[in-house]
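**Student:** give me coordinates for this.
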Amino acid sequence: MNRQARIHAKATHQARLILRLLSGIAFMHACLVVAAPQLNSQAQSTMTREPHPPLDDKSCIECHDQIVSSEVLCMATKEQMCTLCHAVPAAGGFSRLTEASEQLCLKCHTEDKFKGSYVHGPVAVGACIACHDPHGGNASELIGVAGKQMCLTCHVEMDARLSNARFQHKAVAEGCTNCHAPHASEYPFELRAVTVEFCTECHEDILSEYQKSTVKHAPVIEESACLNCHDAHMAEDERLLLTDGIDVCLKCHDGTITVDQYELAHMGQLLSENPVHHGPIQEKECSGCHRPHGSSYFRLLTDDYPKEFYTSFDKLKYDLCFRCHDSSLVTEQRTTTLTGFRDDDRNLHFVHVNKTPKGRTCRLCHQAHASTLPKYIEGTVRFGSWDLPVGFNKTENGGNCSPGCHSTKKYELKAE
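**Tutor:** Residues are numbered from 1 along each chain as shown. All right, here's what the predicted structure looks like:
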């Protein structure tokens, strides 16, 4: 076949293919024209069909049976009253709430229970489901998470503190709602009662001690009461003190305090200016000598100690001092070992204390908290309106005193 014949054959083949394609298109068009009325009728039928009859409450559980399998159920869930809260328009349709969630809850729950001067944040904005599962759960009160963990899902800073604290308040371990109303209260932090009354529901011994005390510590009942000194949740101290014992006291005593017209020492200044600290102060424990809540002894002392500047000697008057110090320090007239405050073997403590009627009390020469001198010797002591000088001077083999109460006296420790 020559070249011209091959070209003619190829052209003929292509023409046949085009004719077949056009025939197929014509056939499809004819089919659509025939079927169009039927398809249009079906579409119109679907658009105008009547809605499915509304579902009843019982039928919801056919699909949502997991909701009623919880241990604790909302009353509406328990009674399968789904349409009390939900509107279900059609089979397979989306359900929606019939009202705002807060109003739905108040259909059953009395609104007065959620009112108070202090209202919990979620309650204030009607976010009941922030804490409660609206259908049910495995925790009481439909709480989403059991126990204090529910509160800690929001109060993450408290969670961190509790995790790192050495000591945790027993009430916190048992649950936040022991102390806090979860919805609203008349007291700050949604506490269930006034702080001091609330704390003493458990700490009855502290209340009894305070009530029986003739000398009462003001912070126990003033302002924040117990929270003036204690952390309600956790602490590094087993007594849940806010900080070290002495630092708690210095929150108030780092300044001058007047009690019954008597001016207490500026303790912060006294301790900072006097480097020789009494043993309990060194241990940062004011409670070594003072009761923090109340006492039957003046200055909240833990035991008897003479209030007077002068008093006749009785060992029982110094129970506070003799808990740590040997009482023979003032009862033995002669000694070469008990004290360095002696003239040869003559015990000068005995001389000063055992006088009638003007026996000298410990405070005449010693500062109970801190001093610049060894043995907590005072530089001056308050005598009425006068700062009476003690005038003590320690020497290598004895010493001397030049106090305001007598002329200069010397004493000497003889060599053995």
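
**Student:** name the spans of the stretch 51-200 of the chain whose pLDDT lies under the cut-off.
**Tutor:** For the stretch 51-200 of the chain, applying pLDDT under 70 flags the ranges 51-58, 68-69, 89-94.

**Student:** for it, just list every one of the strands.
**Tutor:** For the stretch 51-200 of the chain, the strands defined by DSSP state E, counting those that start in this stretch occupy 72-73, 86-87, 96-97, 118-119, 136-137, 167-168, 184-185.

**Student:** who's in contact with stretch 182-195?
**Tutor:** 113-120, 123, 131, 176, 179-181, 198, 201, 224-227 (CB atoms under 8 Å, 6 or more residues apart in numbering). No exception for glycine: its C-beta is placed from N, CA and C like everyone else's.

**Student:** what does stretch 266-285 give?
**Tutor:** For stretch 266-285, contacts defined as CB under 8 Å, 6+ apart pick out 244-247, 249-250, 253-256, 286-289, 324, 367-374, 376.

**Student:** which of these count as buried?
**Tutor:** Neighbour-count burial (16 or more other CB atoms under 10 Å) is assigned, among those, to 245-246, 249-250, 253, 286-289, 367-371, 373, 376.

**Student:** just the residues you listed now: which is nearest Glu396?
**Tutor:** Leu373 (15.9 Å; CB to CB).

**Student:** isn't that closest one right up against Gly391?
**Tutor:** No. Contact status for Leu373 versus Gly391: not in contact, 11.4 Å apart, counting by CB atoms under 8 Å.

**Student:** related to what we said a few turns ago, output the strands of the stretch 51-200 of the chain as a markdown table; include the columns mean neighbour count and distance to Tyr310.
**Tutor:** Converted to a markdown table, the strands of the stretch 51-200 of the chain look like this (neighbours: other CB atoms under 10 Å; distance: least, CB to CB, whole Å):
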| stretch | mean neighbour count | distance to Tyr310 |
| --- | --- | --- |
| strand 72-73 | 17 | 73 |
| strand 86-87 | 15 | 86 |
| strand 96-97 | 11 | 83 |
| strand 118-119 | 16 | 55 |
| strand 136-137 | 19 | 73 |
| strand 167-168 | 15 | 45 |
| strand 184-185 | 18 | 55 |
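
**Student:** distance to Leu301 for these - can I get that in CSV?
**Tutor:** Below are those laid out as CSV (distance: least, CB to CB, whole Å):
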stretch, distance to Leu301
strand 72-73, 55
strand 86-87, 69
strand 96-97, 66
strand 118-119, 39
strand 136-137, 55
strand 167-168, 27
strand 184-185, 38
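
**Student:** of all the ones you listed, which lies closest to Glu238?
**Tutor:** strand 167-168 (5.0 Å).

**Student:** sheet partners, orientation included, of that closest one?
**Tutor:** strand 234-235 (antiparallel) (DSSP bridges).

**Student:** which element follows the strand it pairs with toward the C-terminus?
**Tutor:** Using DSSP states H and E, the helix or strand that follows strand 234-235 in sequence is helix 245-253.

**Student:** which other helices and strands contact that next one?
**Tutor:** Contacts defined by 3 or more CB pairs under 8 Å, 6 or more residues apart in numbering; DSSP states H and E place helix 245-253 against helix 267-273.

**Student:** can you tell me the closest non-neighbouring residue to the spatially most central residue of the chain?
**Tutor:** Nearest to the mean C-alpha position of the chain, counting by CA atoms, centre = their mean, stands His233 at 3.2 Å. Spatially, and ignoring its direct neighbours in sequence, His233 is nearest to Val172 (5.2 Å; CB to CB, 6 or more residues apart in numbering).

**Student:** and that neighbour, what does it touch?
**Tutor:** So Val172 contacts 148, 162, 178, 232-234 (CB under 8 Å, 6+ apart).

**Student:** before we move on, the earlier item: from the contacts of stretch 182-195, which ones fall inside helices?
**Tutor:** Among those, the members falling in helices (DSSP state H) are 123, 198.

**Student:** just the buried residues of the contacts of stretch 182-195.
**Tutor:** 114, 116, 119-120, 123, 131, 176, 179-181, 198, 225-227.

**Student:** nearest to Asn347 among these?
**Tutor:** Distances from Asn347 to the buried ones among the contacts of stretch 182-195, taken as CB to CB, are shortest for Cys226 (46.3 Å).

**Student:** give me the mean pLDDT for stretch 387-399.
**Tutor:** In this model, stretch 387-399 has a mean pLDDT of 90.

**Student:** pull the residues that contact it.
**Tutor:** 341, 343, 364-365, 373-374, 377-382, 400-405, 408, 410-413, 415.
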